[in-house]
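>>> build me a model from this:
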Amino acid sequence: MGVAGPPGSVMDRDEVDRALARLGAEHEAIETSLLALQDHAGRRLLEGAELTGVTKERWAATEAAIALLWAYFDAYSDTLRTAREVRSRRRWSSREDLAELTELLRGESVTVAGGAAAAAGAGAPAGPAARLSERFTLAELVERMNELYASSLDMVVAADAVWSALPARVDLLAAELQRTRQLAHSVGVRPGEHPAGDDLERITRALTRLREQVVSDPLAFWTPARGSSAPGGGRPDTTVYDREARALEEVRREIDAVLAVRKDAEQRIVKLRDVLSRADRTLAEARTARGEVLAKIAATEVPVVSGPPTALQEQLTLAAEYRRQGRWHRLSPLLDRLEQQAEDELKRAREQLTAVTAPLAVRAELRGRLDAYRAKVARHGLAEDPLLIERYDAARRMLWSAPCDLRVAEQAVLRYQRAAAELLGDTRRAGDQGEGS
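Below you'll find the predicted structure:
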């Protein structure tokens, strides 16, 4: 303010005129701000809304603060008008006029009824001891008005920001929710029948509750900015909205998966039939091979082969029925489970075939080893050696007769190998001596 001066000093005419000009400009700025606050869309919404919670409490205090602002402004206007009237009495103000103007412009010349301040919760004492009025200098009054204006505008702007942001977003999400519900219904995803249907019901209730709360108590969804003193500094709190938006997106992905099942169900069922058929054929091959092993191999533990995957076949029949009935929400998890189980069944069948035919593989390896050594000794001209012929014939009879005792046959092959190795070693040593002579 430009009206301050040394205590007890009387302002001259130039000081008075400059002070009145500044106060006039300040008066106009304050009036403009108050009218803008009065006209603010957020204030009009607050005035007509059925409020609850923290917003209801703060709006009651803010309404009283706005009323007090206008009371202060009227007192300020009255004092400024009185000062202008005193100054306009004569062109050259007298000493008495200047003293009166100094008191108006610098002294505690503004009187405000104490009841107005008490009603606004501005700190005036309540009860019988409450002061009937308060006195301010113009500078003190402007400072008080600035404080009340800032707190009032902060509350109005915060509420308006939440109302401008959240209800529209909730409505858009609710529209997306409705489209998702229709899509879910088309593929049989309904409450009580599928978890996604239950989720849609919960999200619907949550969004309805959220919109009601946002409309009636917007300040419950306002996060003030840290360290900011500007009115309306902060942002709407979208935590609840964001959580429900993510939940809806998860449901939508699940429904998309069900839609994909509807599109690819026939192809997947055909593939499942093929996998289970291969598993069945592999098990049949394993059972046949087991009989062959038991007939051809003696003294060997041969594992029992399990039966065909009838339980999976029944589940596959159920999947085909779900597809025929269009129960896609039930078909989706069933196919996912069946595909994994069918692959596991095929793998198990192959492992059983390998386990059952292992003795035949051992016999084949022994036969191959015996023939390989015979070819080796033949290359060295030792095929007609009587000992090797005897041991070869003994091993061959064991390996090409049924039932074959693998343990005895293996010992016979080892005896042939050792005899062949000894003869081959003697041949190499004899060759080395011939070269040395």
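>>> how many other residues sit next to Ala29?
10 (other CB atoms under 10 Å). (Glycine included, C-beta is placed from N, CA and C.)
>>> do the same with Arg415
Arg415: 16 neighbours (other CB under 10 Å).
>>> from Arg348, how far off is Leu68?
84 Å (CB to CB, to the nearest Å).
>>> quick one: which of these two has more around it?
Using other CB under 10 Å as the criterion, Leu68 and Arg348 rank with Leu68 on top: 23 against 15.
>>> what residues sit buried inside the host helix or strand of that one?
In the assignment (DSSP states H and E), Leu68 maps to helix 53-87. Using 16 or more other CB atoms under 10 Å as the test for burial, helix 53-87 gives 55, 58-59, 62-66, 68-69, 71-73, 75-76, 79-80, 83, 86-87.
>>> what ranges does the stretch 201-350 of the chain have for its helices?
Secondary structure of the stretch 201-350 of the chain (DSSP state H, counting those that start in this stretch): helices located at 239-296, 310-325, 328-379.
>>> so Leu335 makes contact with Arg262?
No: Leu335 lies out of contact with Arg262 (CB atoms under 8 Å); the separation is 11.0 Å.
>>> what about these two, which has more around it?
Leu335 (23 against 17).
>>> can you tell me how far that one is from Pro231?
Taking CB to CB, one finds Leu335 at 59 Å from Pro231.
>>> do Asp274 as well
71 Å.
>>> quick one: which of those two has more around it?
Higher neighbour count among Asp274 and Pro231: Pro231, with 16 against 12, using other CB under 10 Å.
>>> what residues are up against that one?
150, 153-154, 157 (CB atoms under 8 Å, 6 or more residues apart in numbering).
>>> which helix or strand in this structure has the lowest average pLDDT?
The weakest-scoring helix or strand in the chain, judged by mean pLDDT, DSSP states H and E, is helix 114-119 (a mean of 55).
>>> list the buried residues for the helix or strand just after it?
Downstream of helix 114-119, the first helix or strand assigned by DSSP H and E is strand 133-136. Neighbour counts over strand 133-136 (16+ other CB under 10 Å) mark 134, 136 as buried.
>>> look at the nearest residue to Leu219 once chain neighbours are set aside and report its pLDDT.
Excluding its sequence neighbours, the residue lying closest to Leu219 (CB to CB, 6 or more residues apart in numbering) is Thr55, at 4.3 Å. pLDDT recorded at Thr55 is 95.
>>> where's Thr55 relative to Thr62, distance?
Counting by CB to CB, the gap from Thr55 to Thr62 is 10 Å.
>>> tell me, how many neighbours does Gly381 end up with?
9.
>>> remind me which residues of the chain are low pLDDT?
1-8, 114-132, 227-230, 232, 299-300, 426-437 (pLDDT under 70).
>>> find the centremost residue of it, please.
For the chain, the residue nearest the mean C-alpha position is Arg246 (5.5 Å; CA atoms, centre = their mean).
>>> show me what contacts that residue?
Contacts of Arg246 by CB under 8 Å, 6+ apart: none found.
>>> now Leu346
Contacts of Leu346 (CB under 8 Å, 6+ apart): 275-276, 278-279, 282.
>>> grab the nearest non-local neighbour of it.
Ala279 (4.3 Å).
>>> hmm, Glu343 and the one you found touching each other?
No: with contact defined as CB under 8 Å, Ala279 does not count as touching Glu343 (9.1 Å).
>>> who has more neighbours out of these two?
Ala279 (23 against 13).
>>> can you point out the buried residues in stretch 12-22?
15-16, 19-20.
>>> re earlier: ok, the residue nearest to the centre of the chain to Gly53 distance?
26 Å.
>>> before we move on, the earlier item: isn't the residue nearest to Leu219 up against Val215?
No: Thr55 lies out of contact with Val215 (CB under 8 Å); the separation is 9.9 Å.
>>> max pairwise distance over the buried residues of stretch 12-22: which two?
Glu15 and Leu20 (9.7 Å; CB to CB).
>>> and stretch 244-252, what's buried?
For stretch 244-252, by 16+ other CB under 10 Å, it's 244-245, 247-248, 251-252.
>>> for these, which one is nearest Glu201?
For those, with Glu201 as the reference and CB to CB as the criterion, the closest is Val251, at 10.6 Å.
>>> what residues are up against the closest one?
Val251 neighbours (CB under 8 Å, 6+ apart): 180, 184, 196, 199-200, 203.
>>> tell me the spacing between the nearest residue to Gln341 once chain neighbours are set aside and Asp336.
Leaving out its chain neighbours, the residue that sits closest to Gln341 by CB to CB, 6+ apart is Leu312, at 5.9 Å. Distance, Leu312 to Asp336, by CB to CB: 14 Å.
>>> more crowded one of the two?
Leu312 (20 against 13).
>>> can you classify Thr111 as helix, strand or coil?
Of the three states, Thr111 takes strand under DSSP: H, G, I helix; E, B strand; the rest coil.
>>> okay, now it: neighbour count?
14.
>>> kindly report the same for Glu103.
Neighbour tally, Glu103, other CB under 10 Å: 15.
>>> just Leu318 next, same as before
14.
>>> leaving out the residues flanking it, which one is nearest to it?
Leu334 (6.9 Å).
>>> on that earlier part again, who touches both of Thr55 and Thr62?
Common neighbours of Thr55 and Thr62 (CB under 8 Å, 6+ apart) are Leu46.
>>> how is this structure divided into domains?
13-156, 161-259, 286-431 (automatic domain parsing).
>>> how about a markdown table for the ones you listed, with distance to Arg268 added?
Compiled in a markdown table, the domains of the chain are given as follows (distance: least, CB to CB, whole Å):
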| stretch | distance to Arg268 |
| --- | --- |
| domain 13-156 | 53 |
| domain 161-259 | 13 |
| domain 286-431 | 5 |
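>>> to Glu266, which of those domains lies closest?
domain 286-431 (6.9 Å).
>>> so which residues make contact with stretch 301-314?
276, 279-280, 283-284, 286-287, 290, 293-294, 338, 341-342, 345, 348, 352, 355-356, 359.
>>> mind giving me the ChimeraX select for the residues you listed, buried ones only?
For the buried members of those, the matching ChimeraX selection, counting by 16+ other CB under 10 Å, is:
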select :276,279,280,283,286,287,290,293,338,341,342,345,352,356,359
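>>> excluding its backbone neighbours, what's nearest Arg89?
Arg89's closest residue in space is Asp97 (CB to CB, 6+ apart), at 6.3 Å.
>>> what's the burial count for that neighbour?
Neighbours of Asp97 (other CB under 10 Å): 16.
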